[in-house]
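Engineer: Any chance you could fold what I've pasted below:
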Amino acid sequence: SHEGSQHGFMNGSVKMLCSNRLYVLLLTVPVAVASSSLGWSTGMTFLLSCIAILPLAGLLGDATEQVALHTNETLSGLLNATFGNATELIVSVFAIRRGLLNVVQT
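Structural biologist: Purely as a prediction, here's the structure:
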């Protein structure tokens, strides 16, 4: 049933999030997003964003590994190669949007 699969998904998600102490830093994600609206300095927003991206990168890696378990070796390698650089890609996009091309080039 749909409820059973949803319950399994929730249990699996909670189990995965509790499996890595790094994931406690996910609490900094909404704080980083709200920090600018709260009038905090750009330095504080940057620091919170740097902290927040660590568990997000780990979570993306774990999720990619889980998907790879259900695919073939070629697709698994492609997923790992693609999403393995997602953090750098996200930072690059935001840097380019802010006109910080020199940050992206280094």
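Engineer: only C-alpha atoms for contact and neighbour calcs from this point on.
Structural biologist: Noted.
Engineer: Could you check the pLDDT of the residue nearest in space to the middle of the chain?
Structural biologist: Central residue of the chain (Cα atoms, centre = their mean): residue 56, 2.4 Å from the mean position. At residue 56, the pLDDT value in this model is 86.
Engineer: Got the phi and psi for it?
Structural biologist: Phi and psi for residue 56, reported as degrees, to the nearest 10, are phi -60, psi -40.
Engineer: who's in contact with it?
Structural biologist: Shown in contact with residue 56 (Cα atoms under 8 Å, 6 or more residues apart in numbering): 23, 26.
Engineer: mind starting the numbering at 243 from now?
Structural biologist: Noted, 243 is the first residue going forward, which turns the last one into residue 298.
Engineer: Residue 307 versus that one, what's the distance?
Structural biologist: Going from residue 298 to residue 307 by Cα to Cα, to the nearest Å gives 14 Å.
Engineer: ok so, going back, please tell me how far the residue nearest to the centre of the chain sits from residue 272.
Structural biologist: The spacing between residue 298 and residue 272, counted by Cα to Cα, is 12 Å.
Engineer: With residue 327 instead?
Structural biologist: Between residue 327 and residue 272 the distance is 23 Å, computed by Cα to Cα.
Engineer: Give me the residues contacting the helix or strand encompassing residue 335.
Structural biologist: Under the criterion of DSSP states H and E, residue 335 resides in helix 328-339. Residues outside helix 328-339 that contact it (Cα under 8 Å, 6+ apart) are 295, 299, 343, 345-346.
Engineer: Report the buried residues of it.
Structural biologist: Neighbour counts using 16 or more other Cα atoms under 10 Å place residue 334 of helix 328-339 among the buried residues.
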